[in-house]
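Chemist: turn this into a structure:
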Amino acid sequence: MFGYGLLLVPVSVLGGGHIAAIGLSLVLSGLFATEWAGDRWGLSAADRRTLSLAFGVLAGLLLVAFVVVNFASFESGGVETVVEYVGDGS
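Modeler: Numbers count the residues shown, from 1 in each chain. Model (predicted):
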């Protein structure tokens, strides 16, 4: 998902960055769930669970925010944009 977000940056910096942030949050959530992270940074199992859950929740909140923003922008400018590209028919 992080890579997909980076691929979208040339089309939409905000959208691509948003998707990349969701992907990065998911990667960090998975990373902190591993025993390797606990050994590497001296984290207890409870700390690893807390960090993993926090980044998972952050990814979910970013996803909801992405959907809300895109839905609002589609509702506010969807019809006008189509008319601009198609023309008024004359």
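
Chemist: burial measure for residue 49, as a count.
Modeler: 13 (other Cβ atoms under 10 Å). Placement of C-beta: from N, CA and C, glycine included.

Chemist: need the pLDDT of it.
Modeler: Residue-level confidence at residue 49 comes out at 96, pLDDT.

Chemist: and it, which helix or strand is it part of?
Modeler: In the assignment (DSSP states H and E), residue 49 maps to helix 45-86.

Chemist: just the buried residues of whichever strand or helix holds residue 15, please?
Modeler: The secondary structure element spanning residue 15 is helix 13-32 (assigned by DSSP H and E). The neighbour-count check on helix 13-32 (16 or more other Cβ atoms under 10 Å) flags 15-16, 18-26, 28-29, 32 as buried.

Chemist: possible to save those residues as TSV with pLDDT?
Modeler: Compiled in TSV, those are given as follows (pLDDT from 0 to 100):
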residue	pLDDT
15	79
16	82
18	83
19	87
20	88
21	91
22	92
23	92
24	94
25	96
26	95
28	95
29	96
32	95
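
Chemist: could you dump the residues you listed to TSV with distance to residue 6?
Modeler: Below are the buried residues of helix 13-32 laid out as TSV (distance: Cβ to Cβ, whole Å):
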residue	distance to residue 6
15	12
16	7
18	12
19	9
20	6
21	11
22	12
23	9
24	10
25	15
26	14
28	16
29	19
32	22
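
Chemist: give me the most central residue, this protein.
Modeler: The central residue of the chain, meaning the one whose C-alpha is nearest the mean C-alpha position (Cα atoms, centre = their mean), is residue 22 at 2.7 Å.

Chemist: contact partners for that one?
Modeler: Contact partners of residue 22, counting by Cβ atoms under 8 Å, 6 or more residues apart in numbering, are 1, 5, 59, 62, 63, 66.

Chemist: which ones are touching the residue lying closest to it once chain neighbours are set aside?
Modeler: The shortest distance from residue 22 to any non-neighbouring residue, by Cβ to Cβ, 6 or more residues apart in numbering, is to residue 62 (4.7 Å). For residue 62, the contacting residues are 18, 21, 22, 25, taking Cβ under 8 Å, 6+ apart as the criterion.
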